[in-house]
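Undergrad: Sequence and predicted structure below; questions after.
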Amino acid sequence: MHVTHLSLADFRSYARVEVPLEPGVTAFVGPNGQGKTNLVEAVGYLATLGSHRVSSDAPLVRMGADRAIVRAQVKQGERQQLIELELNPGRANRARINRSSQVRPRDVLGIVRTVLFAPEDLALVKGDPGERRRFLDELITARSPRMAGVRSDYDRVLKQRNTLLKSAALARRHGGRTMDLSTLDVWDQHLARVGAELLAQRLDLIAALQPLADKAYEQLAPGGGPLALEYRPSAPGEAHAREELYEQLMAALAEVRKQEIERGVTLVGPHRDDLHLKLGSLPAKGYASHGESWSYALALRLASYDLLRAEGNEPVLVLDDVFAELDTRRRERLAELVAPGEQVLVTAAVDDDVPHVLAGARYSVSDGTVERV
């Protein structure tokens, strides 16, 4: 699978830009702040309905514009599809596939799949648990687009349950009044049911990633491993099957009910879990060096790529200003590993930052213009 054409309107710094693309390596080269990352960010948005740089859509719309358009022609085998997303901050986004408007934005998920390498990836190792949960959940959705609906359902149930708990907490603090919490039992069941589905997918993903990540780390930093990916649930237990996970979550919710009512927030569930990363016998966070942390983050991305490729639809590889962050050894090894990809998109400040093995098309990006060189 590869993108053959990218079209943007009022996206980030671009009033309008048309970029023809082809298989193999394409590098976007230009000084920082000229719009290179905006191009690959748009491709990533088509794959995830989100940005790797910001948490909301508003910054993606060009200053002064009401909306942004991201459009791409995508080829998979002999099949071609045109997908379009309209970003409307404060209102519902819209989507079209092959000119049809009868689709939801999440219906485009799975048409484009990407694996993104970016400086922000260091947060996978050094950052808070939310970074690692996001990594897992985006990869889950790439493997199975229907999980976008499960994630949305979980967020909705969590929000409703937290609203009820917050109201109960406020009532207790102001006059000691109590509320009827009979509906909380129903929300517990909803949370546990949807949460169990999400947990089962995460556990399955981690089992599949473990050997691939260990192999990738050995390729990047020979003799530096092994890696261990350990899931740390907020609802303690060893369950893996969905029904067992449901019971595990229900038991944990019952146990913390009193504390939740006092604090006004849901204390257990997938939104409170963490992926614990170990290097050798030690946690990577706090113990791994800067170079080891980079290698770990890159190994997770390479493992993601290998997993998606093995499942039949090779993703677009995006390397956003990564090589400038790496020493010569890691730069060369990463370039050799990704060079055979069906489509590889690279951004760099100068030509010298793009390893020679990644020869291919070059675009100069400067002051909002993108020109083939």
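TA: Cool, the structure landed. Residues are numbered from 1 along each chain as shown.
Undergrad: When you work out contacts or count neighbours from here on, use the C-alpha atoms and nothing else.
TA: Fine.
Undergrad: Can you list the strands that the worst-scoring helix or strand of the chain on mean pLDDT pairs with?
TA: The weakest-scoring helix or strand in the chain, judged by mean pLDDT, DSSP states H and E, is strand 100-103 (a mean of 84). Applying DSSP bridges to the sheet, strand 100-103 is found paired with strand 94-97 (antiparallel).
Undergrad: which strands and helices sit next to the host helix or strand of Glu86?
TA: Using DSSP states H and E, Glu86 sits within strand 79-87. Judged by 3 or more CA pairs under 8 Å, 6 or more residues apart in numbering; DSSP states H and E, the packing partners of strand 79-87 are strand 68-76, strand 94-97.
Undergrad: any weak-confidence spans in the stretch 101-250 of the chain?
TA: 175-180 (pLDDT under 70).
Undergrad: Quick one: the strands in it, in order.
TA: 114-117, 227-232 (DSSP state E, counting those that start in this stretch).
Undergrad: Quick one: closest of those strands to Pro340.
TA: strand 114-117 (14.2 Å; CA to CA).
Undergrad: if we can go back for a sec, quick one: which of the helices and strands packed on strand 79-87 is nearest Leu317?
TA: Nearest to Leu317, of the helices and strands packed on strand 79-87 and by CA to CA, is strand 68-76 at 14.4 Å.
Undergrad: Pull out the buried positions in that closest one.
TA: Ala68, Ile69, Val70, Arg71, Ala72, Gln73, Val74, Lys75 (16 or more other CA atoms under 10 Å).
Undergrad: For the last one, list each beta-bridge partner.
TA: Taking DSSP bridges, one finds His2, Gln80 as the beta-bridge partners of Lys75.
Undergrad: ok, it to Ala361 distance?
TA: 18 Å (CA to CA, to the nearest Å).
Undergrad: export the helices and strands packed on strand 79-87 to CSV and tack on distance to Leu158?
TA: Listed next are those as CSV, based on distance: least, CA to CA, whole Å:
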stretch, distance to Leu158
strand 68-76, 30
strand 94-97, 25
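Undergrad: so can I have CSV of these showing distance to Val322 and mean pLDDT?
TA: Output for those, formatted as CSV (distance: least, CA to CA, whole Å; pLDDT from 0 to 100):
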stretch, distance to Val322, mean pLDDT
strand 68-76, 24, 96
strand 94-97, 31, 96
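Undergrad: For stretch 158-173, list every residue counted as buried.
TA: Residues Leu158, Arg161, Asn162, Leu164, Leu165, Lys166, Ala168, Ala169, Leu170 are the ones in stretch 158-173 that count as buried (16+ other CA under 10 Å).
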